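> Give the three-dimensional model of this entry:
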Amino acid sequence: QVQLVESGGGLVQAGESLRLSCATSGIFSSINYMSWHRQTPGNQRELVATTDASGNTNYAVSVKGRFAISRDSAKNTVTLQMNSLKPEDTAVYYCNVGARNFVGNLISYWGQGTQVTVSS
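Numbering: from 1, shown residues only. Down below sits the predicted model:
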């Protein structure tokens with residue numbers, strides 16, 4: 001079983017920055033991808049940024065150039081640096097990790113979510 005603990009959400013003004021962190025713990029063979037998603041009321045959860053085991057990254061068009069995802073493979077943590085925040089970035093942000101168990105199955109795990117609110 002894998003547990004994810006997120007931190008770093010809060011209330012900021014437009015143009016400011018926030019840094020989200022997600023710590024992974026538990027029993028697993030390896031971590032494949034580490035991602036951040038977000039969701040607003042009444043809408044589907046959307047992918048914000050993702051990084052794979054090789055360190056390749058991918059971003060939603062809406063955050064490209066403003067957000068940066070990074071992972072510390074030794075500590076099994078992933079962070080999301082969010083700069084130049086806009087009111088439309090307001091959402092609950094979720095950490096998502098794909099971890100392999102010891103028989104090779106890739107299992108997706110989710111954090112509990114952290115609220116990010118950007119005021120105009």
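> Please tell me how far the residue nearest the centre of the chain sits from residue 110.
Residue closest to the average C-alpha location in the chain (CA atoms, centre = their mean): residue 36, at 2.4 Å. Counting by CB to CB, to the nearest Å, the separation of residue 36 from residue 110 is 11 Å. To be clear about C-beta, it is placed using only N, CA and C from the backbone, and glycine gets the same treatment.
> For the chain, give me the ranges with low pLDDT.
Counting by pLDDT under 70, the chain shows no low-confidence range.
> which one is residue 115 nearest to, not counting chain neighbours?
Once flanking residues are discounted, residue 115 sits nearest to residue 9: 4.9 Å by CB to CB, 6 or more residues apart in numbering.
> A helix includes the residue nearest to the centre of the chain, no?
No - Residue 36: not assigned to a helix; according to DSSP: H, G, I helix; E, B strand; the rest coil it is strand.
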